[in-house]
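[1] Sequence isn't available, so here's the structure alone:
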């Protein structure tokens, strides 16, 4: 999480390497950009399909999805948690396996948008691991009523 002064916060941008995806990137950057998630989409929960989820409920659903995610053989450990932020480390299955840092941020306000960033600590080319992880998490959360925001 970066603080740009005056209370303006955002997730950090990706390095030039292809081993990172983030909602903070320019949408024209197809190598790094992924759309944010909405835990109360207009056409889902929070709309005609039921009552909206609270931010606390959404954070619990997100943490459950992170803990259960095993995409590409990585396992997760939550390393930071506060009301608007969840940080996790995903470790590879081999003793010298890579470590990826994944962070989720619920921006201030009444909206139900969730920003995120998934990046390999080692940099370089991760063979799409971070993008597949984000896809696996999105699919798990969509089963709970979440959706990706569209541009």
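    Happy to help now that I have it. Remember, predicted model here, so these are calculated numbers, not experimental data.
[2] For the residue nearest the centre of the chain, which residues count as its bridge partners?
    Per Cα atoms, centre = their mean, the C-alpha nearest to the average position across the chain is that of residue 116, at 3.4 Å. Using DSSP bridges, the beta-bridge partners of residue 116 come out as residue 104.
[3] Can you give me the distance of the residue in the chain sticking out farthest from the centre to residue 60?
    Relative to the centre of the chain, and counting by Cα atoms, centre = their mean, the farthest-placed residue is residue 48 at 25.6 Å. Distance, residue 48 to residue 60, using Cβ to Cβ, to the nearest Å: 24 Å. Where you see a C-beta, it was placed from the backbone N, CA and C, and this is true even at glycine.
[4] How about residue 75?
    Residue 75 is 20 Å from residue 60, by Cβ to Cβ.
[5] before we move on, the earlier item: now that the residue nearest to the centre of the chain has come up, it's in contact with residue 107, right?
    No - assessed by Cβ atoms under 8 Å, residue 116 is found out of contact with residue 107, at 11.3 Å.
[6] Is there a neighbour count for the nearest residue to residue 122 once chain neighbours are set aside? I'd like the number.
    Counting by Cβ to Cβ, 6 or more residues apart in numbering, residue 122 lies nearest to residue 98, which is 5.4 Å off, once chain neighbours are set aside. Each residue near residue 98 was counted by other Cβ atoms under 10 Å, and the total is 18.
[7] Residue 101 too?
    If we define neighbours as other Cβ under 10 Å, then residue 101 has 18 of them.
[8] Against residue 48, how distant is the residue nearest to the centre of the chain?
    In this view, residue 116 and residue 48 are 27 Å apart by Cβ to Cβ.
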